[in-house]
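# Predicted model and sequence follow; I will ask about them next.
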2 protein chains.
Amino acid sequence: MSAHDDPYLIISSDCHAGLPTERYRPYLESRFHRDFDEFLAGRDRRREEMTRLGVRNEAFADRWFRENEEGLRGGWDTAQRLKELDGDGVAAEVVFPDADAVDSRTAAPFGVGLGLSGDQDPELGMAGAQAHNRWLAEFVSEHPERHCGVALLPVTAPVDRVVAEIRRARESGLGALMIPAMWAGQEPYHDRRYDPVWAAAAECGMPVLTHSGAAPRHEYGDHLGIYVSEVTWWPARPLWFLLWSGVFERHPGLRFGVAESGCWWLPNLLWFMDRLYLGAHGGKKLSPFEELRRPPHEYLDRQIFVCATNTKRRELAQRYEIGVDNILWGSDFPHPEGTWPDTRAWLRRTFHDIPVAETRRMLGLAAAEVFGFDTGKLAPLARRIGPTPAGLGQPADQAAVEASWARSRESGRHWLTDGDFPLLGPDHDFPLPEATR
Amino acid sequence: MSAHDDPYLIISSDCHAGLPTERYRPYLESRFHRDFDEFLAGRDRRREEMTRLGVRNEAFADRWFRENEEGLRGGWDTAQRLKELDGDGVAAEVVFPDADAVDSRTAAPFGVGLGLSGDQDPELGMAGAQAHNRWLAEFVSEHPERHCGVALLPVTAPVDRVVAEIRRARESGLGALMIPAMWAGQEPYHDRRYDPVWAAAAECGMPVLTHSGAAPRHEYGDHLGIYVSEVTWWPARPLWFLLWSGVFERHPGLRFGVAESGCWWLPNLLWFMDRLYLGAHGGKKLSPFEELRRPPHEYLDRQIFVCATNTKRRELAQRYEIGVDNILWGSDFPHPEGTWPDTRAWLRRTFHDIPVAETRRMLGLAAAEVFGFDTGKLAPLARRIGPTPAGLGQPADQAAVEASWARSRESGRHWLTDGDFPLLGPDHDFPLPEATR
Ligand SMILES: [Mn+2]
Ligand SMILES: [Mn+2]
Ligand SMILES: [Mn+2]
Ligand SMILES: [Mn+2]
């Protein structure tokens, strides 16, 4: 078999699973059951609130559930889920909470899923997180090679409880940690109080993640556009809090990722931070950065990644600035803003002129390294379900494809290679083979 | 005289002036003098706070004031100022507060300069703003054709007082309005309570601006990198609050600008907002945007601009996405992060391969339109002090320069021109004339 017919090992770095909310009860300590009843009673009110902000559209919701009833059961039903993943060609996945992004019918207790926030009640927050984490550990245990379960971690809680939950989650079979994008009134993430948390995460080999969702909605009125315009900024924000406070220097084993927030913002941020550190003009009145020993891009390449979900062509054009290995694709199953159930067609539209070797990294191999998937165990499955480069419309003449991107690849991060400008997109001096156009 | 030898009319859209703080007293209503004494007494404490955060560097400050003593008097001394502007080739300027960005010796009363914020005491905030505005009106009155004074506008104060201050400022000869980048605990800028403010600003022909400075510093500890990484985001934020809440639709005469926050963030924001509005894939569960009648880029081109200050080469490469006419250059005189006193050399390094016609727009003509400068009155001065295209190293063969950028210019905002990728930088199929390399 030629490389051109060798199926991709696809790992979605951003998927979601969650029980229909009322079914979390047995996973929740009984002393919280009364609070849980109150939480359940507030569901209609919360749905109305989402409708008011425009995040929820009644007509869309009706159609979505009607047309996808069977597949959506994959949000909590393993057998159905595997069928959906197979259909999309996805061999393995990283599992965040909140399967239902339309009506929140699978919200974790006390809303600690994607809405996990520093301003939650500390007791309830930890109780809700543990309930989800217990269920999720069961859920991923049936086919552990195909799932990396993301434990919910209310990191602003007392530090010993947080560290204990990390170890408990690890022992239960979960593989990563999601912290709130917003610390609200609690200590920001540069604070040294969190050092034992980062150390425990590194020691357990569990990447720490944020995922888009939380935002200061009370500031938005009913203007959906405001929310969407900045909802990706809040989960990215911890990145520069951790970086500039030296967390990546002190914890070289820590991995940090930002999920479902795109990666279009990363090149500018990196350019900005590198120039600041390397002594740009604008910095001449500023003090040095003592807690870092190397420029920001070195920490990025060593410890930071982006679960970029349904990557856009504009973003892929910037992959040599972002770093190909820092971009982890995801289907966002079973969310409507993701690529399911049409992932194969979507991949073809998006990756047809991207070099196969790079596509393999972004679609799976980079995620396998970050999250510790066993590619050997997954290989037979991938060979059975994965699309091939030919299936994505990628030409057999990969030398020509590689050549078309050489100029952009060699320029790379132009501020480090003496270039003035970003060089994006394929070079038309090297026309691509017919198939890719 | 050929166009190549025709000097540029340069307008800096971002300069600063302010009195040494204690000299604001006569401009402040006497009933606030006791509060003013308290404010003056707190200067050392505030300077220590800036040093702690790393924004202030003792050694740099000493050298800066020693080496630039004479020129820095131009922060409040008109004769000295004109000498400095002439030296830089700057014919006219937009005048923000806080001449001293190093030691804050020219802070407006009660810190309402660049630190203007929604959480100021409403009485003191308005009193301090009026003191600065009164002085600034005097300051610009000596050579009104060369200065557009920016009035400080504590926009979260009671709306009738705010509107009255707009009209007072206009009558006193000021030409623009600076609002706080952050509303803090007050109503966000989408709120309808501000409609009379936007209407008055439009009616008076006064552009509304934010300028970088304010940020939630209490969240940063002593980590300067965090501050710098997000300090440009906060002044940009009102842009999407105004846009999505329909302010630009309801007030087509309103102009809004963001100062000293770069313009590198604008292409991604615009791409993101346009796609959202035009019905992108990710939006299929979202409601429509009723308060807008056209896509975001139309409001941008009609009503929004960026005082991009010392534009970077990376930013200029993106000018066809941003819109050439939306980029207003500035020297930031007399701030150390600006181009003064080496503006001529700086312009040569930055603009040598940019088409002359576009350079004329970005260096002055776009600002003249936005802020209402009389280019006829400024022309003789510009002919005397302005650098020429030849002086900036721009080749006489402008047809070749234009051709080198044709691919990028024609691609423009690729999401509107059916392109997948941004095409940035000159096209090497059309080599630039020798002079520009
Ligand atoms: Mn997701
Ligand atoms: Mn999603
Ligand atoms: Mn400025
Ligand atoms: Mn400045």
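Received the coordinates, thanks. Ligands and ions are numbered 1, 2, ... in the order given.
# Nearest residue to A:Gly173 in space, please, no chain neighbours.
A:Ala137 (5.0 Å; C-beta to C-beta, 6 or more residues apart in numbering or on different chains). Where C-beta positions appear, they are placed from N, C-alpha and C, glycine not excepted.
# Report the buried residues of the helix or strand where that neighbour lies.
Assessed by DSSP states H and E, A:Ala137 sits inside helix A:122-141. By 16 or more other C-beta atoms under 10 Å in any protein chain shown, the buried positions in helix A:122-141 come out as A:124-137, A:139-140.
# Kindly report the same for stretch A:383-403.
Those would be A:385-396, A:398, A:401, A:403, for stretch A:383-403 by 16+ other C-beta under 10 Å.
# in the stretch 301-437 of chain A, which spans are strands?
Per DSSP state E, counting those that start in this stretch, the stretch 301-437 of chain A carries strands over the ranges A:304-309, A:327-329.
# I'd like these as JSON lines, with mean neighbour count appended.
Output for the strands of the stretch 301-437 of chain A, formatted as JSON lines (neighbours: other C-beta atoms under 10 Å in any protein chain shown):
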{"stretch": "strand A:304-309", "mean neighbour count": "27"}
{"stretch": "strand A:327-329", "mean neighbour count": "28"}
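# In contact with the residue nearest to A:Gly173, which residues?
A:Ala137 makes contacts with A:Gly149, A:Ala169, A:Ser172, A:Gly173, A:Leu174, as judged by C-beta atoms under 8 Å, 6 or more residues apart in numbering or on different chains.
# again with A:Arg46
A:Ser104, A:Gly111.
# now A:Arg302
With C-beta under 8 Å, 6+ apart, A:Arg302 has these contacts: A:Phe248, A:Pro252.
# What are the structural domain limits within chain A?
A:3-394, A:400-437 (automatic domain parsing).
# Verify the contact between A:Thr359 and A:Gln398 for me.
No. The pair A:Thr359 and A:Gln398 does not pass the contact test of C-beta atoms under 8 Å, sitting 10.3 Å apart.
# give the contact list for the residue of the stretch 301-437 of chain A found nearest ligand 4.
Relative to ligand 4, the nearest point of the stretch 301-437 of chain A is A:Trp415 (21.6 Å; C-beta to the ion). A:Trp415 makes contacts with A:Trp271, A:Asp274, A:Arg275, B:Arg314, as judged by C-beta under 8 Å, 6+ apart.
# can you check A:Leu423 too?
Contacts of A:Leu423 (C-beta under 8 Å, 6+ apart): A:Arg407, A:Ser408, A:Ser411, A:His414, B:Leu424, B:Gly425.
# And the residue lying closest to it once chain neighbours are set aside, how far from A:Trp405?
Spatial nearest neighbour of A:Leu423, excluding adjacent residues (C-beta to C-beta, 6+ apart): A:Ser411 at 4.1 Å. The gap separating A:Ser411 from A:Trp405 is 10 Å, by C-beta to C-beta, to the nearest Å.
# what's the answer for A:Val197, then?
On the measure of C-beta to C-beta, A:Val197 and A:Trp405 end up 40 Å apart.
# give me the low-pLDDT residue ranges for the stretch 1-150 of chain A?
Under the criterion pLDDT under 70, the flagged ranges of the stretch 1-150 of chain A are A:1.
# And the strands in it?
A:11-16, A:92-96, A:147-152.
# can you list those in CSV and add mean neighbour count and distance to ligand 3?
Listed next are the strands of the stretch 1-150 of chain A as CSV, based on neighbours: other C-beta atoms under 10 Å in any protein chain shown; distance: least, C-beta to the ion, whole Å:
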stretch, mean neighbour count, distance to ligand 3
strand A:11-16, 30, 40
strand A:92-96, 27, 41
strand A:147-152, 27, 43
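# Among those strands, which comes closest to ligand 2?
Ligand 2 lies closest to strand A:11-16 among these, at 6.7 Å (C-beta to the ion).
# Provide the strand pairings for the closest one, with the direction of each partner.
strand A:92-96 (parallel) (DSSP bridges).
# got the angle for the partner strand vs helix A:122-141?
Angle of strand A:92-96 versus helix A:122-141, following axes from the mean of the first three to the mean of the last three C-alpha atoms, to 10 degrees, is 160 degrees.
# what's in contact with strand A:92-96?
So strand A:92-96 is contacted by A:10-17, A:85, A:113-114, A:136, A:139-140, A:145-150, A:175-176, A:178, A:209, A:211, A:259, A:307, A:330-331, A:333, A:364, A:367-368, A:371, A:373, A:378 (C-beta under 8 Å, 6+ apart).
# hmm, try it at 7 Å
A:11-17, A:85, A:136, A:140, A:146-150, A:176, A:178, A:211, A:259, A:307, A:371, A:373, A:378 (C-beta atoms under 7 Å, 6 or more residues apart in numbering or on different chains).
# what does stretch A:32-39 give?
A:Arg25, A:Leu28, A:Pro109, A:Phe110, A:Leu124, A:Ala127.
# Between which two of those is the distance greatest?
A:Arg25 and A:Leu124 (14.4 Å; C-beta to C-beta).
# In contact with A:Asp427, which residues?
A:Asp427 neighbours (C-beta under 7 Å, 6+ apart): A:Ser404, A:Ala406, A:Arg407.
# what's the spacing between the last one and B:Glu49?
Right, A:Arg407. A:Arg407 sits 48 Å away from B:Glu49, going by C-beta to C-beta.
# Look at the two and report which has more neighbours.
Taking neighbours as other C-beta atoms under 10 Å in any protein chain shown, A:Arg407 and B:Glu49 compare with A:Arg407 leading, 19 against 14.
# Spatially nearest residue to that one (excluding sequence neighbours)?
A:Arg407's closest residue in space is A:Asp427 (C-beta to C-beta, 6+ apart), at 4.3 Å.
# now A:Leu316
Nearest non-adjacent residue to A:Leu316 (C-beta to C-beta, 6+ apart): A:Ile354, at 6.1 Å.
# burial measure for the closest residue to A:Tyr194 other than its chain neighbours, as a count.
Spatial nearest neighbour of A:Tyr194, excluding adjacent residues (C-beta to C-beta, 6+ apart): A:Val155 at 6.7 Å. Residues near A:Val155, counting by other C-beta under 10 Å, number 27.
# A:Val155 belongs to a helix?
No. With DSSP: H, G, I helix; E, B strand; the rest coil as the criterion, A:Val155 is assigned coil and is not in a helix.
# Test my guess that it contacts A:Val163.
No. Counting by C-beta atoms under 7 Å, A:Val155 sits too far from A:Val163 to count as a contact (10.1 Å).
# list the residues that contact both of those two?
A:Val197.
# quick revisit: now the contacts of stretch A:32-39 as a markdown table including distance to ligand 1?
A markdown table is the format used below for these (distance: C-beta to the ion, whole Å):
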| residue | distance to ligand 1 |
| --- | --- |
| A:Arg25 | 25 |
| A:Leu28 | 24 |
| A:Pro109 | 20 |
| A:Phe110 | 20 |
| A:Leu124 | 24 |
| A:Ala127 | 24 |
